[in-house]
Structures are given as C-alpha cells and as structure tokens.
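*Asks:* Let's see this in three dimensions:
(2 chains)
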Amino acid sequence: MKKCLLVLVALSLILMFNACGKKTAKVSPVQEPVVEKVEEPTTQVEKPVLSEEEIFQQKSLEELNKDQILKRINFDFDQYSIREDMKAILQANANWLLKFASVEVLIEGHCDERGTVEYNIALGEKRAEAAKNYLVSLGMNAAKIKIVSYGKNKPLVQGENEESYFQNRRDEFVITKK
Amino acid sequence: MKMRRTVLCLSIFLLCWQLGGQEEITIRIKEGMPMIPVAMPEFQFNEAAGQKSDLKSAIYETIWKDLEFSRIFKMVPREHYSYISRFNPNAINFKDWASIQANILISGQLEITADERIIFSIKVFEVASERFIFGRNFGGKKDLSRLIAHRAADEMLKHFGEKPLFTSKIVYVSESPSDKDIYIMDYDGFRPTRITFSGAIDMLPSWSADNEKILYTSYRNLNPDLFMFDIYAGKTELLSSGGSNYAADWSPVAEQIVYTSSKNGNAEIYLKDMKTGKEKRLTFNPAIDTSPCWSPNGREIAFTSQRSGTPQIYVMDAEGSNIRRITTEGSYHDSVAWSPDGMRLAFVSRIENRFDIYIFNLKSNEISKLTENAGRNENPSWSPDGRHLVFSSNRSGRYQLYLVDYDGRNIRQITASGENKMPKWQKSSK
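*Replies:* All right, here's what the predicted structure looks like:
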C-alpha cells in the first residue's frame, strides 16, 4: 500500500514537472536541452499502459501463455484453500481478465509428487476450483472459466525438496481464447 | 532378527492406528504354509534343442522361478542333485530323490523340430509312492518359449488344486519424458506390449472381469476422460467425460463398473451398467469420494473418502448404503485393493511423510505393513491367488514395479527401463 502511494506521488511529481517544463519551453526556446530531458520520463510513464493492450492485440495465445500474462499460484501441502499471499496474484489475474472480457481461461490444478495418483486428481481439481471460485467472486463470468486437474502427472520441476514441492503444488492459468 | 524388527515397527504403527480403541493388540506374522519340495533335474533334449542352449535354459529357469515364486512349491536346491546318481528318465531311482527331500519330481523333455517349433513335455512323479502323477505336452513357435514354460508351471498349480497364475498379466503405465502409455506384460515383467498410442497422458488402467478389456483414463481430449479398450477387437470407446473420470473397477460378478467422476462438480463414485449404459450415483457427499474397489463377491465396495477431513478408507454396500469407516487413525489412506479371498484390504498410507503399503485384515482387524523404509510405495494390486501383490515404488530413484508376497517377503523388481507405475494384476488367469 505504502509502495503504491509512493509511486503515485512520484508519478504526479513527474507529470507536474513535465507540465512546467513544457511551459518553460514555450517561453524560452533557448533552454532546449532541459525540455528534452523532461520529456523522457513522460514516455516511460505511458509505456506500460499502452503496451498491455498492444501485447494482447499483437501476441498469439501461445505467446501470451508462454509469457505468463496470468501468473501461477501455489498451495500449501495437502490443501486447496487460497493462501493469503496468493490473493494479490489472483486479483492481478482477475484485473487482466476483466479488462479483456473476450478471454476464456483454463485453470489447471496440479499437485506435488507425494500422495497417490487417484487422490491427487481430486486434490488438483479442488485447487483449480478454488481459483475459479475466487475469480468469480472478483467479478469474472464463470462461463469463461474451465478447469482441469492433472494431479501429479505434470510436475513443473523435478526434485525431492520443499522448494520443488511448493512450485509443483500450483494452479496454472491457460488462455484458451482471445 | 529381521522378523523382530518388523514386529516392532508393526506394534508402533498399530499403537498409532488404534489409539482410540484401547483394546489389546496381538500381532501375528504368518509363517508361510508348508510348501511342497520339488526337484527338477535338467531337461532331456534332442540334437536341435541341444544347440539352442539359450532357449533350453530360458524354459528351465522360467519354470524354476515360477514354482519358486508360488509359495506352494519349494525347489530342492540344485547343489543337492550332485549327491545322488545322475537322473535317468527311463529308470528313475526314487530312493535317491527321496534322500534329498524331494516330494515331487519333474522330468522334462525339449525338442526343436525341423521347422523350428518347440515341442516340450513334462512328466510329474510323486517320489514317496514312486508314482507317475500327470504329464503334459506343449507345442509352439520358438518365440513363445516363455509362454510355454509358464503354461507348464501353471499345470503344476492346477494339479495341486490351485488356479493358474504364471500366465496372468499385469497392465501398467510406462512413462517416457514426453508421454505416458499403457502396456501389458507377463506377471514376471517379461514380454511388455504397448496398447495405447494416444500421444497424451494415459493412466490408471484396470482389467474387465473377462480380461478382454482395459478401462483407463486418457487426456487425449485435453480432459481426464474414462475410456475402454477392447484388446482383441482393438477398439476404443469413451465411457465418461466432463470433470475428471478415473479409477474404474469392473465388477467380479456382473457387467458393471464403478468409477470416480466429478462430472456433477465434485468427485463422487458412480456405478455404470455396461449392458444398458445406465448410471447410478453411489455417493452424495461434498467431500472427495474416490478410488472404488469391488469386494470379490460383488456385494460391497471399498473406497476413499475425505468426509472426515482427511482421506480414509470406507466400505459401503454395492447400492451405496451402509457406509462404514475402516481406517480410524492416520491422516492419509488411498488406493484400496480387496484381496481375492475377501479377507484383506491392501492400501497406501502416509505415516510421517512416508508412503507405504499396509494390509488390513477384515476378520481380525489387524494391520500389517508390507513395505518399509524404501521410497514411496503406491498402487498395490493382488495376484489372482491372493498370495502376492504388485506395486510401484521409487525406491531406486525412479518409479518401477515390484512383486511382494502377502507377508512382505520376496520383494522383487520386475521393470527396469523408463518409469513404470499404476500396475493392475489380472483378477484371474485363463
């Protein structure tokens, strides 16, 4: 939250500075180098806002998924409730999905390699369903979301340690239609 | 010593298991039943067979290993044969064979014909009575030598009132880095044959009661759907889609299957009539219900449910009523397999983050641990005679299939290449 405020303050300062700079430029064209310097941050600020749409327009489904426009979330061992620290990621995913309302998404639920094949299918499904419900609670249209469970069939990384297990206990958000 | 250690571990586990009950727990490790000592001197052979020493020893060793595996027969060690006079099939000195404690004597003869076919015959004698008991002839192509050997060994079982075992098959999943496919192989790990080529993940195969079809789950349509493959017709049929569809088990007494499906939103157990296609939902609980398994008489179904908060083993009547909980302690049990005699349930439990296979005796309520201190052990499946199980384990670093006797003895790895998982033994052998 504090970070957001700081960014906002910085942005407004830059914009103010920019406005002042332009005025100064009109009044005295002799100070040209100053104007140039001031204009640079203006373009930097606008860039991400423009590019998110550009990215969506220009990139294919495969490229969007490869770039992980929608971020993964991870789960606790044996659990399928959404972790507090994963809610911000789901919020960001929801924001993007709400912005591009034509998008359809497939949520893949995955498990780490511990546990039985059968029970992990059910557990992975519960994980995918938990993310779906959360996105719907944030305003997503449930009809645009499908889920599938891979259980422990498709680990993201190999390794018998908690770090690997954590990475494998995940939901992936695959864009299936633009 | 080893036995004592097992007992100790068992007691610790049992204490954890039945903490609530406060009843006195007795542990019996079953000693094997008395086994019948069998001697099998080297086979006689014709000139053509004599030149094929690989084939000759393959048949001999296969029969030897089958009989040794059976827990019905005990092979008299070959070193003992050197103490007695050389075996002569035309004038058997039974006193000699009695002196090295052989009760049964197998005399074999192998011929290879001019057109490269095998003719193999066995004659079986009872040593004490000096009596011929039975004889059998087998013929076939050379590449069927292992099958001929298994058939001959099965004849021994049949004669002693047992059902055939050595010609039984195991269906399983073999995995390469890019794919998971379904294979069928002999019970001893030889002669694997690939049966699915979907290019997608195929998994959790199981046998129909007549052993002619394989039920399995495939992601070929980008969703875990349930399929049936007819081995002889080579046809694949979609049985259930929508949600996850898996863990199918064919009824031993009727043309029905039970399986898990979340087609209505939650993992529940369904019964499908394979003649009419009609379905009946058996469980109605917001928790996960999965992994159904028929009792051998078809009257009950064991399954896993998370309705208490953690996955536990339950049994219900085949209509879905009269649900009772089997496992009362521990926080993770699944993959239940009902023994062919109806007396025992094998399943996977997680105890202190170790995954091992346990056996629950339904009559005595005793629990024994089948695997110990060696990787994760999963998907137990009984042999048709209930004396053995096959399971998967990553004890070697990768998942491979292992055989083990009902009492935890004679663990033997039967696959070695790639990764191999989710085995299911045929429920009967023809």
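*Asks:* Outline the domain layout of the chain.
*Replies:* Defaulting to chain A. A:2-58, A:62-177 (automatic domain parsing).
*Asks:* Chain B is the one I meant
*Replies:* B:36-159, B:169-425.
*Asks:* Spell out which residues of chain A are next to chain B.
*Replies:* Contact residues, chain A versus chain B (CB under 8 Å from any CB of the partner chain): A:78, A:113-119, A:121-123, A:125-126, A:148-150, A:153-154. C-beta here means a position set from N, CA and C on the backbone, and glycine is covered the same way.
*Asks:* Could you tell me which of those belong to strands?
*Replies:* When strands are assigned by DSSP state E, the members of the residues of chain A next to chain B inside them are A:148-150.
*Asks:* among the domains of chain B, which is nearest A:V105?
*Replies:* Put simply, out of the domains of chain B the one that sits nearest A:V105 is domain B:169-425, at 13.9 Å, with distance taken as CB to CB.
*Asks:* Around B:D407, how many other residues sit close by?
*Replies:* The criterion is other CB atoms under 10 Å in any protein chain shown. On that basis, B:D407 has 16 neighbouring residues.
*Asks:* Give the helix, strand or coil label for it.
*Replies:* With DSSP: H, G, I helix; E, B strand; the rest coil as the basis, B:D407 sits in coil.
*Asks:* ok, now how distant is it from B:F166?
*Replies:* Taking CB to CB, to the nearest Å as the measure, B:D407 and B:F166 are separated by 20 Å.
*Asks:* Buried ones from the residues of chain A next to chain B, can you make that a ChimeraX selection?
*Replies:* What follows is the ChimeraX syntax selecting those of the residues of chain A next to chain B that are buried according to 16 or more other CB atoms under 10 Å in any protein chain shown:
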select /A:78,113,114,115,116,117,118,119,121,122,123,125,126,148,149,150,153
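*Asks:* residue contacts, B:P384?
*Replies:* B:163-165, B:168, B:340, B:425-429 (CB atoms under 8 Å, 6 or more residues apart in numbering or on different chains).
*Asks:* Now rank the residues you listed by neighbours and give me the top one.
*Replies:* Neighbour-wise, the contacts of B:P384 (other CB under 10 Å) top out at B:W425, 27 neighbours.
*Asks:* and the gap between the residue lying closest to that one once chain neighbours are set aside and B:A346?
*Replies:* The shortest distance from B:W425 to any residue other than its chain neighbours is 4.7 Å, reached at B:S381 (CB to CB, 6 or more residues apart in numbering or on different chains). In this structure, B:S381 and B:A346 are 8 Å apart, going by CB to CB.
*Asks:* which residues are common contacts for these two?
*Replies:* Going by CB under 8 Å, 6+ apart, residues that sit against B:S381 and also against B:A346 are B:337, B:389.
*Asks:* Flag the shaky bits of chain B, pLDDT-wise.
*Replies:* For chain B, the stretches flagged by pLDDT under 70 are B:1-33, B:430.
*Asks:* Show me what from it comes close to chain A.
*Replies:* Counting by CB under 8 Å from any CB, the residues of chain B near chain A are B:180, B:201, B:203-204, B:219, B:222-224, B:243-244, B:246-247, B:260, B:262, B:267, B:288, B:290-291, B:304, B:306, B:311, B:332, B:334-335, B:348, B:350, B:353, B:355, B:376, B:378-379, B:421-422.
*Asks:* deepest of the domains of chain B, which one?
*Replies:* The highest average neighbour count among those, using mean count of other CB atoms under 10 Å in any protein chain shown, belongs to domain B:169-425 at a mean of 19.
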